[in-house]
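Trainee: from the sequence below, what's the structure:
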Amino acid sequence: MALSASTEPLVNQFAGFGGLTFAQRRKMFLIAMALPALVYVLGFGVYPLLKGIWYSLYDYNLLKPARTEFIGFGNYVELMFDSDMQRSLINTIVFTASAVFFELVLGFAIALALWRDDRFNRICLTLILIPVTITPLVVGLIFKGLLLADYGLIGYYLAQWGLSDPRGLFASQNTALATLVFIDIWEWTPLVALILLAGLKALPTDILEAAAVDGAKPLRIFRKITLPLMLPSVLLALTIRTIDAFRVFDSVFVTTGGGPGNATNTLMVYAVKEGLSFFNIGKASAIANVSLLCTAIIAAALIFLIRHYDKKASTQ
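Mentor: Okay, here's the model as predicted:
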């Protein structure tokens, strides 16, 4: 329908406001909305990353800043033969693999137990998510207080009954890392359970009901139908927890500080020690970059698997 003579000039004036068309003004509005986030990412993400890479190429120590010199990949070569670095990498891998494995197994069991949608299961889900709401730093402090051999509510009795080192679980090289793994499992298993429960609730019920009608037993249904369809959700939980566990710092720092000896030194703890205790900024930056590179490789591999199995599940 044609515009009337009284409204046509108003529409033309609005369309040409500021000399810009509606599409151009809309584009500028979207850019303005995204600009604060872009500035934040550049200022607090990209810039520190580039600065860390730059520092890692120098022999830079805050105790002797005048003697700073460019050494290229010298810090990285030094890390290859550094026994503390090797121990930290092994500890990080052992911690990540152990914690994520048990979190996936226990999380899947909890998700299956809470699969049925009723009031009791919803209340249970709410209660078990409480550990996730507590920051890792506070969780570490809580367990440190509980497990100390001197006055800990649990650690005192474990030491008295001979179930732990007389100085406590954190003081023994045989139990310190395992205790940290237990703390991580306690805190993050509910999150894994929540992710897997969401995946279970998204499964097509008609396939499961048809298999049950055909006489398939629950274990066979789980192995042949439920588990294959759940692989994208499992890989998503695996990706989130692996990336987070690989850069663990808070709980380790407040409980053991990397000790006893180097028994619980992880890559991030070792980087902080080098940077804030020995003021070796160049080496600390190199350690952090190695940790970031390992995390990126793990994330890329797991994301590739997620896309592969998600596409496979959608075509079945």
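Trainee: where does the stretch 101-250 of the chain have low pLDDT?
Mentor: For the stretch 101-250 of the chain, no stretch has pLDDT under 70.
Trainee: show me where it has helices.
Mentor: Applying DSSP state H, counting those that start in this stretch to the stretch 101-250 of the chain gives helices spanning 119-128, 136-147, 155-160, 176-201, 205-213, 218-221, 227-246, 250-255.
Trainee: and the angle for the longest one with helix 136-147?
Mentor: Taking axes from the mean of the first three to the mean of the last three CA atoms, to 10 degrees, one finds helix 176-201 and helix 136-147 inclined to each other by 130 degrees.
Trainee: distance to A23 for the helices of the stretch 101-250 of the chain - can I get that in CSV?
Mentor: The C-beta positions use only the backbone N, C-alpha and C, and glycine is treated the same way. Listed next are the helices of the stretch 101-250 of the chain as CSV, based on distance: least, CB to CB, whole Å:
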stretch, distance to A23
helix 119-128, 46
helix 136-147, 47
helix 155-160, 66
helix 176-201, 38
helix 205-213, 45
helix 218-221, 53
helix 227-246, 37
helix 250-255, 48
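Trainee: right, so of those, which gets closest to F81?
Mentor: The closest of the helices of the stretch 101-250 of the chain to F81 is helix 227-246. By CB to CB, the value is 22.5 Å.
Trainee: render the CA-only coordinates of that closest one in PDB, please.
Mentor: The C-alpha coordinates for helix 227-246 follow below in PDB (Å, rounded to 0.1, in the frame of the first residue of the first chain):
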ATOM      1  CA  LEU A 227      25.800 -44.800  26.400                       C
ATOM      2  CA  PRO A 228      26.300 -44.200  22.600                       C
ATOM      3  CA  LEU A 229      23.700 -41.400  22.600                       C
ATOM      4  CA  MET A 230      25.300 -39.900  25.700                       C
ATOM      5  CA  LEU A 231      28.800 -39.700  24.300                       C
ATOM      6  CA  PRO A 232      28.500 -36.000  23.300                       C
ATOM      7  CA  SER A 233      27.400 -35.100  26.800                       C
ATOM      8  CA  VAL A 234      30.100 -37.300  28.300                       C
ATOM      9  CA  LEU A 235      32.700 -35.600  26.100                       C
ATOM     10  CA  LEU A 236      31.400 -32.200  27.000                       C
ATOM     11  CA  ALA A 237      31.700 -32.900  30.800                       C
ATOM     12  CA  LEU A 238      35.100 -34.400  30.100                       C
ATOM     13  CA  THR A 239      36.300 -31.300  28.200                       C
ATOM     14  CA  ILE A 240      35.100 -28.900  30.900                       C
ATOM     15  CA  ARG A 241      36.600 -30.800  33.800                       C
ATOM     16  CA  THR A 242      39.900 -31.700  32.100                       C
ATOM     17  CA  ILE A 243      40.600 -28.100  31.200                       C
ATOM     18  CA  ASP A 244      39.700 -26.900  34.700                       C
ATOM     19  CA  ALA A 245      41.600 -29.700  36.500                       C
ATOM     20  CA  PHE A 246      44.700 -29.300  34.400                       C
END
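Trainee: buried ones in that helix?
Mentor: For helix 227-246, burial by neighbour count (16 or more other CB atoms under 10 Å) applies to 229-246.
Trainee: can you check stretch 97-111 too?
Mentor: Result for stretch 97-111 [16+ other CB under 10 Å]: buried residues S98, A99, V100, F102, E103, L104, L106, G107, F108, I110, A111.
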